[in-house]
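> 3D, please:
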Amino acid sequence: MKKILVVFAILCAFFAVSCGSGSKNEDTVDTGDNDPTDDADSQSEPSDDDADSEPTDDADSQPDDDPEEPSYGGRGCNARTSYGSTSVTRDESSVFDSCATGAKYSDSSCIYPDPAELFLKLQKTTIVFKKECKQNDAPIPCPDFIPESITLSQLTGCNIYRNESTPNDAQPCLSECPEFYFSTDNETFKTVEFRHDYDYDSNYPFHNAFFESSNSERTIFLIVDTGQNTALFKSSDSSITLSFEILVAE
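Take a look at the predicted model:
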């Protein structure tokens, strides 16, 4: 009898374990309704609003670093009027009087009380060069383009600078000194420009003045600086500095 009861108890225990295992398996059954959503499908498509909110290109969003300067209306300080050979018409019939009037009433720092007197003096001026050419402090033959002298003859043209339409609230400005052009007796340097870079003194008309000329065909330049008392002759293969003397015929 005891054996029957033991066997019965064992069967009951086995049955209970089997029932519990079956119940647990039902909780983990894949029904298909609880599938996890696919990662690709779970990402939402960007809306039109999202597209509009994308960051703007840096180049387009930068502020204007060079805003347009305000216009004062009218030309600036250095307005130029040319007469004679330096003008568009190249009319030299009245160049003497036109250049004299223009220089007298220009706005530059070079004030010419009587420009006509200066022109007459320049038209009788000769620059004599002391042809003692040196290179590295050693005497050398002077280049053939350096003349013994250059004599100015006729005033042929000029450039006159002035202030025009300058705004009242602008800082005062000074125009460049006038430039006067003279024909010469030299075939290499046929025209000489004369100008001052500082105040003009009628008692010393050549003080702080410059005589300049060039020959474009031979690429030769001449600069006479009366302030430094030097005459520089320069070509593509040489540079010679000489002393000089200015003579004015009576």
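> helices and strands around whatever helix or strand F180 lives in, which ones?
Here F180 sits within strand 179-184, counting by DSSP states H and E. In terms of contacts (3 or more Cβ pairs under 8 Å, 6 or more residues apart in numbering; DSSP states H and E), strand 179-184 is packed against helix 115-122, strand 149-162, strand 191-196. Glycine gets a C-beta too; all of them are placed from N, C-alpha and C.
> again, only using 7 Å
strand 149-162, strand 191-196 (3 or more Cβ pairs under 7 Å, 6 or more residues apart in numbering; DSSP states H and E).
> state the mean pLDDT of the helix or strand following the shortest one.
Spelled out, it's strand 191-196. The element immediately downstream of strand 191-196 (helix or strand, assigned by DSSP H and E) is strand 209-215. Averaging pLDDT along strand 209-215 yields 97.
> who touches strand 209-215?
Residues outside strand 209-215 that contact it (Cβ atoms under 7 Å, 6 or more residues apart in numbering): 127, 188-189, 191-197, 220-226.
> that one: partners in the sheet, and parallel or antiparallel?
strand 191-196 (antiparallel), strand 220-225 (antiparallel) (DSSP bridges).
> mean confidence for the last one?
Meaning strand 220-225. So the average pLDDT for strand 220-225 ends up being 98.
> do the same with stretch 103-112
The average pLDDT within stretch 103-112 is 83.
> then stretch 161-172?
Rounded mean pLDDT across stretch 161-172 is 59.
> after the helix or strand of the chain at the bottom of the mean pLDDT ranking, next one along is what?
Ranked by mean pLDDT, DSSP states H and E, the helix or strand of the chain with the weakest confidence is helix 58-61, at a mean of 39. From helix 58-61 onward toward the C-terminus, using DSSP H and E, the following helix or strand is strand 79-84.
> I'd like the average pLDDT over that next one.
The average pLDDT for strand 79-84 rounds to 89.
> buried residues, it. List them.
79, 81-84 (16 or more other Cβ atoms under 10 Å).
> and if you look at stretch 185-192?
186, 188-189, 191-192.
> on that earlier part again, now tabulate the helices and strands packed on strand 179-184 in CSV and tack on distance to N136.
Conversion of these to CSV gives the following (distance: least, Cβ to Cβ, whole Å):
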stretch, distance to N136
strand 149-162, 27
strand 191-196, 30
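> in the chain, where is pLDDT below threshold?
Scanning the chain with the threshold set as pLDDT under 70 gives 1-78, 163-174.
> repeat that with 90
For the chain, applying pLDDT under 90 flags the ranges 1-81, 89-93, 105-111, 135-137, 161-177, 197-202, 237-238, 250.
> tell me which of the buried residues of strand 79-84 is nearest to L152?
Distance to L152 across the buried residues of strand 79-84 (Cβ to Cβ) is lowest for G84, with 14.5 Å.
> quick check: the closest one touching E92?
Yes. G84 lies in contact with E92 (Cβ atoms under 7 Å); the separation is 4.6 Å.
> overlap of the contact sets of the two?
In contact with both G84 and E92: T156, using Cβ under 7 Å, 6+ apart.
> how many neighbours does the residue lying closest to S82 once chain neighbours are set aside have?
Nearest residue to S82 in three dimensions, chain neighbours excluded: N159, at 5.1 Å (Cβ to Cβ, 6 or more residues apart in numbering). Using other Cβ atoms under 10 Å, N159 has 22 other residues around it.
> bridging residues for N159?
Applying DSSP bridges, one finds that N159 bridges with S82, E179.
> my guess is it contacts T86, does it?
Yes. Counting by Cβ under 7 Å, N159 does reach T86; the two are 5.4 Å apart.
> so how far is D107 from E193?
For E193, the distance to D107 (Cβ to Cβ, to the nearest Å) stands at 20 Å.
> one step back: give me the residues contacting the strand holding F180.
85-86, 99, 122-123, 150-159, 190-195.
> report the buried members of those.
85-86, 99, 122-123, 150-152, 155-159, 191-195.
> this completes my enquiry, with thanks.
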